[in-house]
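Colleague: build me a structure from this.
(2 chains)
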Amino acid sequence: DIQMTQSPSFLSASVGERVTLSCRASQNINKYLDWYQQKLGEAPKLLIYNTNNLHTGIPSRFSGSGSGTDYTLTISSLQPEDVATYFCLQRNSWPLTFGSGTKLEIK
Amino acid sequence: EVQLVESGGGLVQPGRSLKLSCLASGFTFSNYGMNWIRQAPGKGLEWVASISSSSSYIYYADTVKGRFTISRDNAKNTLYLQMTSLRSEDTALYYCARHDYSGSFAYWGQGTLVTVSS
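Modeller: A predicted model of the protein is given here:
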């Protein structure tokens, strides 16, 4: 099974700051990497699919990049509504596996 | 508007069975793959099972293989998860999610809570 490691586990940043979240796979996942946002008490929401494609309705301050085993979610200017836990998911091979999440808070 | 509404959760004793349902609306159900994902209290997300649009392809997480069965009824726009031999570690909020054409989990329900305890 492919292991997904997210870092950091917790991140505190200021409004307007550029924020970078990382996800590392235990083997090449060929860019089949999604990012999901989960706010407290809500279902997860798809942000980015296949590494760098913004899902419908997602603000352009969110972007994704990466290849091989290393992937990044970037928020160009952090907003208060971005407080959430962010999960990556690899869809390169079964079983599908999520990272353990990065909890993002406002400083 | 895409809507996914899970039901069937509850308190169940270890070793017993439970069947979850997910009623879909707002899209042509028979055109999309569907999934179950769970989240234990205070924990992260765990993919459980996936089924293709015509039920031709089915996949399970190792943690539930042989105990859980995913199925669908396209005439009723409903996804199911039959859970048997339940364990305390199966306690979680169970979400159903619809694939997008990319294969991502584009739409999620609000979840149904399963608690396995004596």
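Colleague: residues near the closest residue to A:Gly16 other than its chain neighbours, how many?
Modeller: Excluding its sequence neighbours, the residue lying closest to A:Gly16 (Cβ to Cβ, 6 or more residues apart in numbering or on different chains) is A:Ser77, at 5.3 Å. Bear in mind the C-beta positions are built from the backbone N, C-alpha and C, glycine included. When neighbours are defined as other Cβ atoms under 10 Å in any protein chain shown, A:Ser77 has 12 of them.
Colleague: what about A:Ser77, distance to B:Gln13?
Modeller: 50 Å (Cβ to Cβ, to the nearest Å).
Colleague: same deal with B:Ser7?
Modeller: According to Cβ to Cβ, B:Ser7 and B:Gln13 sit 20 Å apart.
Colleague: so these two - more neighbours on which side?
Modeller: B:Ser7 (13 against 9).
Colleague: let me see the contact set for the more buried one.
Modeller: B:20-23, B:112 (Cβ atoms under 8 Å, 6 or more residues apart in numbering or on different chains).
Colleague: what pairs with the spatially most central residue of chain B across the strands?
Modeller: Of all residues in chain B, the one closest to the mean position by Cα atoms, centre = their mean is B:Trp36, 3.0 Å from it. Here B:Trp36 sits in beta bridges with B:Ala49, B:Cys96, going by DSSP bridges.
Colleague: just checking, it touches B:Leu93?
Modeller: No: with contact defined as Cβ atoms under 8 Å, B:Trp36 and B:Leu93 do not form a contacting pair (11.1 Å).
Colleague: could you say which helix or strand holds the residue nearest the centre of chain A?
Modeller: Geometric centre of chain A, nearest residue: A:Trp35, 3.9 Å, by Cα atoms, centre = their mean. For A:Trp35, the host element (DSSP states H and E) is strand A:33-38.
Colleague: figure out how far the next helix or strand after that strand is from the centre of its chain.
Modeller: Per DSSP H and E, the first helix or strand lying C-terminal to strand A:33-38 is strand A:45-49. Relative to its parent chain, strand A:45-49 has a centroid offset of 8 Å by Cα atoms, centre = their mean, to the nearest Å.
Colleague: with stretch A:81-90 instead?
Modeller: 5 Å.
Colleague: touching chain B at all, that stretch?
Modeller: Yes: Stretch A:81-90 lies within reach of chain B by Cβ under 8 Å from any Cβ of the partner chain, at A:87, A:89.
Colleague: alright, I will stop here.
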